[in-house]
Each structure stands twice: as structure tokens, then as C-alpha cells.
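> give me a model of this one.
(one chain, ligands or ions: 4)
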Amino acid sequence: MKLQELLKPLRFQKNEIADNPNVTSLEMDSRKVKVGTVFICIKGYTVDGHDFAEQAVKQGAVAIIAERPLSVSVPVIIVNDTKRVMAKLACHFYNNPTEKLHLIGVTGTNGKTTVTHLIEKIMQNAKKKTGLIGTMYTRIGEVEQETANTTPESLPLQQLFNHMVEEKVETVMMEVSSHALHLGRVRGCEFDVAVFTNLSQDHLDYHQSMEAYLYAKGLLFAQLGNTFSNKVAVLNVDDPASAELSRLTTVDIVTYGVEKKADIKAENIEITPAGTSFDVSVFGERYSVSMKLIGMFSVYNALAATAAALVSNIPFPVIKESLEEIEGVAGRFETVDEGQDFTVIVDYAHTSDSLENVLKTVQEFAQKDIVAIVGCGGDRDKTKRPLMAQVAVKRSDRAIFTSDNPRSEDPNEIIKDMIAGVKEGEYVAIVDRAQAIKQAIKEAKKGDIIVIAGKGHETYQDVGGKKHHFDDREVAREALAKRK
Ligand SMILES: CC(=O)N[C@H]1[C@@H](OP(=O)(O)OP(=O)(O)OC[C@H]2O[C@@H](n3ccc(=O)[nH]c3=O)[C@H](O)[C@@H]2O)O[C@H](CO)[C@@H](O)[C@@H]1O[C@H](C)C(=O)N[C@@H](C)C(=O)N[C@H](CCC(=O)O)C(=O)O
Ligand SMILES: Nc1ncnc2c1ncn2[C@@H]1O[C@H](COP(=O)(O)OP(=O)(O)OP(=O)(O)O)[C@@H](O)[C@H]1O
Ligand SMILES: N[C@H](CCC[C@H](N)C(=O)O)C(=O)O
Ligand SMILES: [Mg+2]
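Ligands and ions are numbered 1, 2, ... in the order given. This next block holds a predicted model:
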């Protein structure tokens, strides 16, 4: 594409550029610039992309998009907001890839990764070529790639969508984080279905208040466009936040739930350690489902996925078969079984609400003691620390407080923040996470259930900004082997 063609969408920008070089790529990271790249300068939280413009030119950039004049030897297009412009240019450069994809966005505090994986399974069983974007990886079919963010920045995101179009992907399931919505990472995405899981406390370090957090989530529903499109908002009728979200969208709404009247409603729910079964009424017709996933929250996730698939024209028998087949998602209620006579569960619960749900589920079938190993992330919402500690103490027989990615913070200080929510004697603090897991496993008695929460699928521990290899499942397996 020629530079002047690339700049056409910038209607209100006065940029009289005489040159018209060929543009071969767009980049926001100077380290990726090649000959023919247009480099977009983004002011970040850590560094200012404008400081890398010169380096970009040295590497072959043919033009720079910036917020201020720069003395470089290639044209500089000055705009008010490079981030906003980046989304627009990326969509134009890649010819609006999301218009060619069936795009399902999933937002909410908990359950996004799980729901996107459930929909992926359904779509694959329906013989669709799938793309998945989220916390654990992005993947096309079975081919996975690592990601830095749950929802990537607009430019890498549109690059990825373009790649998916090239790979003949038909349906994309994307986790849409509140950060992404607030920072405009999904500007220009043409969502066909937007799904809401639930809202509870998290990320208040970033959003400051629950109102602002909900507002960010709401942007996904506001973005669905006007009434006459075929788009659908899928809402959890039992979560009070859905009322506000329904006001933010003009498109069709499909509801799911357990307690209140809903288009897709589960009844007669039975939860055992082996799985969960329920009857589901789908727009008035009743079916039964029996899944391997455990817990009430899994019923909600299954209903959210069912609704998203149904409005995407997938027949219910395919949905039922998929929900019944799926073994689970890595690091979500994942059991570590080395033939021991007690249960070890690794789960990604890192908010008070998700921890409460997981421990409540375990309590429903626990015969003996429940041991909860819990830590809280450094450089993250501090107000959730005492709340998570309270939940751990309330819903277990033994709470062990430990470290979970202390990042730049002192792990002892994080544990102190947790302890502020509980009483002396209600917990044990073992700052070294491996030690905490080993000790719990060493002391476990027949029939006990150990829940190792917070890290789930993660394979690292971030200490002081450095990521060391760490995997709860591996540590647990080693400790179990030692016990033998
Ligand atoms: C706070 C935040 O959102 N930070 C994001 C931001 O980083 P940043 O602002 O520090 O970027 P920076 O390092 O200052 O760089 C600024 C610009 O200079 C460029 N640069 C930088 C260095 C260089 O040599 N050359 C160069 O051109 C960079 O490419 C960038 O364009 O831009 C990066 C690139 O897009 C993101 O990866 C990064 O997410 C970090 C990793 C992060 O932790 N974000 C969290 C808060 C987040 O977004 N979380 C949500 C999930 C939450 C959930 O799942 O519940 C998410 O969607 O991931
Ligand atoms: N619907 C739900 N309601 C409440 N808790 C849930 C729900 N689904 C999953 N959980 C709990 O939350 C944890 C995280 O689940 P999941 O990874 O699916 O959520 P997420 O929204 O993708 O989280 P993140 O924002 O960190 O990416 C699970 O390990 C489980 O403990
Ligand atoms: N997306 C969440 C993941 C938290 C996972 C937990 N292990 C932690 O590091 O706090 C966050 O970045 O806040
Ligand atoms: Mg996730």
C-alpha cells in the first residue's frame, strides 16, 4: 500500500505529504522495523516510543506517525493521539480483517479463558476453523503462540486477525480485558457476539472504582453498533451488572442464568466430584447435559458458551456433545493425580470471588480437611489482598498464605496486607511457594483436598521483574513422588 492511501482514513488531519513511498508494514515497536515500515510512536507507561523514531528510520522506516515534530529524514505525520490513529491505520492497512471473521468477544471478571475455550471446542466440533485470543496463548486451530497480554494492542491484534484470515479461520473467540477496552485496544474490531460472564472486584489499582471497571466492560456492548445489525449481546441475567450493560447496547440481547428467568436457563443442577449435570431450557426447549467440569461457576460458563454458540447458528446437539466431551482448561480446577489418597487441585482463582467459588465447590463434596494455598500478585490491586485472605480462612480448614508473582514488591509485605484481613492463628504464612506446596502435601491426610490457587497454567514466578520457571503442578508432582 502507498503511504498516501494508508493515510486516507485520517480525515481530520492536515498532512500535506509530498512523498508517496510504498508501505510494507506498520510497527509500534522500533525493534521490529524493516525497510518500508511506517513506525507509530506510542507514549507508554515505561518509555516514550517517540524516542525510538530515529532508530526506526535507521532501520528503514519510510514515515513516522507521531504526536510532536521530530527531526528525522522521513515524513512525520503529526496526529493528536497516535494510539487512536494506530487502530484506524491498522484496520485500513489489513483491510478490516474482523469483517471477514465471525468474532465473539468475552468479557467479565472471571471465566473469560474458560468460556472462550468452551466455545472453541463447540466450534471445532461444528467443523469450523477457529482462532482463539486470550490469557494463555493465541491459537489458530491447534497452533499456539505466546502472548504478553490477554488482549493485544490494536496493531498486533489486527496483524493477528489478518493472519487468521489468511489461514482461513472462520470463527474467533477473544477474551476482551477491561484494560483493553479502556485503552482502546479493540477499536475497529467488528464483534458479532459480545458475552458477559460476571463482575466482581479486581483491577481496582487500574480502574480505581467498581463503576469505572463496569464502564470499561460496558464499552464492549456499546461497541456492538446499531439496532438493525445481526449482532447479539449475551448477558448473565443473575449478575446485577447485566442491567447496566443491557442499557448500553441497542442490539438483540440473549440472557442466560440459573436463578432468574432467562432465554437459556439451567435447572436441576447436580454437582459431584466427578462432574456436573443439569437440565437446560433453550428458548423454551429442554435438554439434559452432563459435563466433567465441576462447580456452579462451570454451569454459568457452560451456559455462556451455549448462548454464544446458539446465536452463532450452531445446533444444540453439537453444543451438548462438546460440553460433555471437554476435559477442562489447563490450570482451571486441574487435578494433580499421582495415585495419592487425597486430592490436589491447581486453580487460577486470583480474585476473592473466584476463590470463594472454587472453595465453595470443594466444600460441597469435601469429606475431610480442605487446605487452601493462596497468594496475591504484586503490583496489582492491593485491596483484594485482605479479602482473598478472608475467603481462604472462611472456606478452608487450613489456610497457607504464600507468594504469587510478587513482581517489584516485597513478598513479606504482600502477605502482611493479606494478614490484615484475618486473625492471628487463622493462617500459616510460608513465603516460599514451593515450600508451602511441599509442606501441605507432606502433611496431607487421607481424604483431604489441597487447593493451590492463583497461578493455574502459569509456568513462572515473577520476582523483582524477573520470571523464574515455576509450575504449581510440577512442584506438587515432585512432592507427591517424595511422599511415596
Ligand atoms: C500497563 C499496560 O497496559 N502496559 C502495556 C503497554 O506497556 P507500556 O505502556 O509499558 O509500553 P512501553 O514499554 O512504555 O512502550 C511504549 C512504546 O514504545 C515502544 N518501544 C519500546 C522499546 C523499544 O526499544 N522500542 C519501542 O519502539 C513499544 O513498542 C511501545 O509501542 O503496552 C505493551 C505493548 O502493547 C503491553 O504489553 C503492556 O501490557 C503489560 C504487559 C501489562 O501488564 N498490562 C496489563 C495491565 C494488562 O493489560 N492486563 C490485561 C489483562 C488483565 C486480565 O486478564 O485480567 C491484558 O489484556 O493483558
Ligand atoms: N464464571 C465464573 N465465575 C466465578 N469464578 C470463575 C468462573 N469461571 C472460572 N472461575 C474461577 O476463576 C478462575 C479464572 O478463570 P478464567 O481463567 O476462566 O477467568 P478469566 O476471566 O480468563 O481470568 P483473567 O482475567 O485472569 O484472564 C478459575 O480458575 C476459577 O477459579
Ligand atoms: N490477569 C491477572 C492475572 C493474575 C494472576 C496471578 N497469578 C497474579 O500474578 O496476580 C493480572 O495480571 O492481574
Ligand atoms: Mg483469562
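> list the residue ranges of this structure that fall below the pLDDT cut-off.
The chain contains residues with pLDDT under 70 at 14-15, 207.
> do that again at 80, thanks
11-16, 201-209, 226-228 (pLDDT under 80).
> okay, domains of it per the record?
3-89, 97-325, 334-483 (automatic domain parsing).
> how far does the shortest one stretch from start to finish?
Meaning domain 3-89. 11 Å (C-alpha to C-alpha, to the nearest Å).
> report the distance from that domain to the chain centre.
30 Å (C-alpha atoms, centre = their mean, to the nearest Å).
> could you see whether ligand 1 lies near it?
Yes - contact of domain 3-89 with ligand 1 (C-beta under 6 Å from any ligand atom) involves M28, D29, S30, R31, I42, G44, Y45, T46, V47, G49, F52. Just so you know, the C-beta spots here come from the backbone N, C-alpha and C atoms, and that holds for glycine as well.
> can you say which of those are buried?
M28, S30, I42, G49, F52 (16 or more other C-beta atoms under 10 Å).
> show me what from the chain comes close to ligand 1.
So the chain meets ligand 1 at 28-31, 42, 44-47, 49, 52, 135, 148-151, 153, 177, 179-180 (C-beta under 6 Å from any ligand atom).
> list the buried residues of stretch 224-237.
Quick answer for stretch 224-237 (16+ other C-beta under 10 Å): L224, K231, V232, A233, V234, L235, N236, V237.
> quick check: end-to-end length of that stretch?
19 Å.
> secondary structure element for D353, which one?
helix 352-365 (DSSP states H and E).
> next SSE downstream of that helix?
Defined by DSSP H and E, the subsequent element after helix 352-365 is strand 370-376.
> helices or strands up against that following strand?
Contacts defined by 3 or more C-beta pairs under 8 Å, 6 or more residues apart in numbering; DSSP states H and E place strand 370-376 against helix 352-365, helix 384-394, strand 398-403, helix 411-419, helix 433-443, strand 449-453.
> between strand 449-453 and the third one, find me the angle.
Our comparison of strand 398-403 with strand 449-453, counting by axes from the mean of the first three to the mean of the last three C-alpha atoms, to 10 degrees, yields an angle of 20 degrees.
> now the residue of the chain found nearest ligand 3: closest residue in space that isn't a chain neighbour?
Per C-beta to the nearest ligand atom, the residue of the chain with the smallest distance to ligand 3 is G377, at 2.1 Å. Ranked by C-beta to C-beta, 6 or more residues apart in numbering and with sequence neighbours excluded, the top spatial neighbour of G377 is N405, at 4.8 Å.
> let's verify that neighbour: helix, strand, or coil?
Under DSSP: H, G, I helix; E, B strand; the rest coil, N405 falls in the coil class.
> how close does it get to ligand 1?
Distance of N405 to ligand 1, given as C-beta to the nearest ligand atom, to the nearest Å: 11 Å.
> that residue contacts T459, doesn't it?
No - using C-beta atoms under 8 Å, N405 is not in contact with T459, being 11.9 Å away.
> so which of the two has more stuff around it?
N405 (24 against 14; other C-beta atoms under 10 Å).
> and stretch 2-15, how far out from the chain middle?
That offset, for stretch 2-15, works out to 34 Å (C-alpha atoms, centre = their mean).
> so what's T171 up against?
Listed by C-beta atoms under 8 Å, 6 or more residues apart in numbering, the contact set of T171 reads L101, H102, L103, I104, M123, K128, K129, T130, G131, S312.
> so which of those residues is the closest to H469?
Ranked by distance to H469 (C-beta to C-beta), the contacts of T171 are led by G131 at 28.5 Å.
> what are the boundaries of the helices in the stretch 51-200 of the chain?
53-58, 82-93, 112-125, 154-166, 178-182 (DSSP state H, counting those that start in this stretch).
> single out the most deeply packed of the ones you listed.
For those, the largest average neighbour count (mean count of other C-beta atoms under 10 Å) is found in helix 112-125, namely a mean of 25.
> what parts of the stretch 251-400 of the chain come near ligand 3?
Residues of the stretch 251-400 of the chain lying near ligand 3 (C-beta under 6 Å from any ligand atom): H350, G377, R380.
> correct me, but the first one touches G454?
Yes - shown here, H350 and G454 form a contact pair, counting by C-beta under 8 Å, at 4.7 Å.
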